[in-house]
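In: Any chance you can model this:
(one chain, ligands or ions: 1)
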Amino acid sequence: MATILVTGGAGYIGSILIPKLLIDGHKVISVDNLMYEPTSLLIPALHPNCEIIIGDARDRELMKPLIEKSDVIIPLACLTGAPLCNKDKSAAIGVNRDAVVMCSELSTSNQLIIYPCTNSGYGVGQDGIYCDETTPLNPISLYGRVKVEAEKALLDKGNAITFRLATVFGVSPRPRLDLLVNDFTYRAFFDRAVILFEADFKRNYLHIDDAADGFRFAIQRPELAGNCFNLGYSEANLSKRELCILIQKQLPRFVYLISEIGEDIDKRNYIISNNKIEGEGFKAKRSVDLGIKELIKALPLLKRNQFANI
Ligand SMILES: NC(=O)c1ccc[n+]([C@@H]2O[C@H](COP(=O)([O-])OP(=O)(O)OC[C@H]3O[C@@H](n4cnc5c(N)ncnc54)[C@H](O)[C@@H]3O)[C@@H](O)[C@H]2O)c1
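Out: So this is what the prediction gives:
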């Protein structure tokens, strides 16, 4: 049993990951300032091995003793996404980069940090060429830049495994409807229409349970420290248009129109190879079809226009 410190534990990924870590038999400490859904950890909070701290991951006095008593540190606290970072740039730098670098500085070589970077760090990919971990990073937004800078500091120190996560999808106790699959399925379900821009821009996607399972895999494989890995569902390097076609299969009355009404701040257009992590024995296995099906079941429970980061 390990003691695992998770910052941003009440967030979209954290509130799925923490119950799984408790089931695995670990002791979990969550630090979150509860920017969004205050009840996302209500049930895990009751577990005897779970400690919930409402606090700021930038607070050195708070974090130092917590880091000292942890075997594994998973820094998820974040202003997540490019639009939110642009709204408060100094907080984005403080939380997304400096607080992560602080975790790294306060940790020792026998502690493992597992960090989610983003594969939006690849920026604009080249047509038909898969981005792997050797592909130069070219983050465009502030969000992409600070995530990549934090990842570099962690890898330089050597006691971290970093994941360049694909765009995550699926249902969580802290719903996020600003993520592409979730957003389009939501609109298809309630509005029956989406206007697509950059319709043929491609990205890789990852089911939220596979994201959590990737972290659990890394906990078992501390010898991989010093490595970064792309982490996505290899069968889903999909354009927005292809994603809409998948949604249409399950919601046949859904229509999409193409019009250049906007652009992605991160210019995400790339295809991703997940061969490196798959070569180590971890493969994301849950499909986008499954995620859409789950979302369609869960969406009637959500009020409209809640649960976006911006
Ligand atoms: N969801 C994705 O598609 C995706 C993809 C790539 C990388 N990631 C990374 O995974 C991590 C988690 O993402 P998420 O989707 O769960 O985001 P999220 O926005 O749902 O969760 C972030 C959590 O951090 C908390 N937080 C923010 N500032 C804090 C602070 N100063 N102190 C303590 N807590 C603070 C928030 O309250 C929230 O609960 C982020 O680092 C993100 O960059 C996510």
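In: Outline the domain layout of this structure.
Out: 3-166+205-231, 169-203+235-274+281-301 (automatic domain parsing).
In: Just the C-alpha atoms of stretch 27-37, please, in PDB.
Out: In PDB, the C-alpha atoms belonging to stretch 27-37 read as follows (Å, rounded to 0.1, in the frame of the first residue of the first chain):
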ATOM      1  CA  LYS A  27      -4.000   5.700   1.200                       C
ATOM      2  CA  VAL A  28      -5.000   8.800  -0.600                       C
ATOM      3  CA  ILE A  29      -4.600  12.500   0.300                       C
ATOM      4  CA  SER A  30      -6.400  15.000  -1.900                       C
ATOM      5  CA  VAL A  31      -5.600  18.700  -2.000                       C
ATOM      6  CA  ASP A  32      -8.100  20.800  -4.000                       C
ATOM      7  CA  ASN A  33      -9.400  24.300  -3.600                       C
ATOM      8  CA  LEU A  34     -12.800  23.200  -4.900                       C
ATOM      9  CA  MET A  35     -13.100  25.600  -7.800                       C
ATOM     10  CA  TYR A  36     -15.900  23.600  -9.300                       C
ATOM     11  CA  GLU A  37     -17.900  20.700  -8.000                       C
END
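In: mean confidence for it?
Out: Stretch 27-37 carries an average pLDDT of 95.
In: Quick one: residues in contact with it.
Out: 1-11, 14-15, 18, 21-22, 41, 44, 47, 49-57, 62-63, 66, 70, 77, 173-175, 307 (CB atoms under 8 Å, 6 or more residues apart in numbering). Glycine gets a C-beta too; all of them are placed from N, C-alpha and C.
In: Show the contacting residues for the closest residue to residue 270 other than its chain neighbours.
Out: Once flanking residues are discounted, residue 270 sits nearest to residue 125: 2.9 Å by CB to CB, 6 or more residues apart in numbering. Residues in contact with residue 125 (CB under 8 Å, 6+ apart) are 131, 135, 202, 269, 270, 271.
In: One more pass at 6 Å, please.
Out: 131, 269, 270 (CB atoms under 6 Å, 6 or more residues apart in numbering).
In: most neighbours per residue, which of the domains of the chain?
Out: Most buried of these, by mean neighbour count (mean count of other CB atoms under 10 Å): domain 3-166+205-231, with a mean of 20.
In: Which residues of the chain lie near the ligand?
Out: Residues of the chain lying close to the ligand (CB under 6 Å from any ligand atom) are 7-8, 10-14, 31-36, 56-58, 76-78, 80, 95, 116, 118, 147, 165, 167-168, 174, 176, 179, 309.
In: Can you list which of those are found in helices?
Out: If you go by DSSP state H, these have 14, 147 in helices.
In: right, and out of the contacts of residue 125, which lies closest to residue 195?
Out: residue 269 (18.3 Å; CB to CB).
In: looking at it, that closest one is touching residue 199, isn't it?
Out: No. Contact between residue 269 and residue 199 fails when scored by CB atoms under 6 Å: they sit 11.0 Å apart.
In: which intervals of the stretch 101-250 of the chain have sub-threshold pLDDT?
Out: Across the stretch 101-250 of the chain, nothing is flagged by pLDDT under 70.
In: now do 90
Out: For the stretch 101-250 of the chain, the stretches flagged by pLDDT under 90 are 118-129, 137-140, 197-201.
In: where along this structure do the helices fall?
Out: 14-23, 60-68, 82-87, 89-92, 99-106, 142-157, 180-190, 208-220, 240-250, 275-279, 288-298.
In: Generate JSON lines for the ones you listed, with distance to residue 259 as supplementary columns.
Out: Shown next, in JSON lines, are the helices of the chain (distance: least, CB to CB, whole Å):
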{"stretch": "helix 14-23", "distance to residue 259": "35"}
{"stretch": "helix 60-68", "distance to residue 259": "47"}
{"stretch": "helix 82-87", "distance to residue 259": "20"}
{"stretch": "helix 89-92", "distance to residue 259": "30"}
{"stretch": "helix 99-106", "distance to residue 259": "38"}
{"stretch": "helix 142-157", "distance to residue 259": "26"}
{"stretch": "helix 180-190", "distance to residue 259": "15"}
{"stretch": "helix 208-220", "distance to residue 259": "30"}
{"stretch": "helix 240-250", "distance to residue 259": "12"}
{"stretch": "helix 275-279", "distance to residue 259": "36"}
{"stretch": "helix 288-298", "distance to residue 259": "23"}
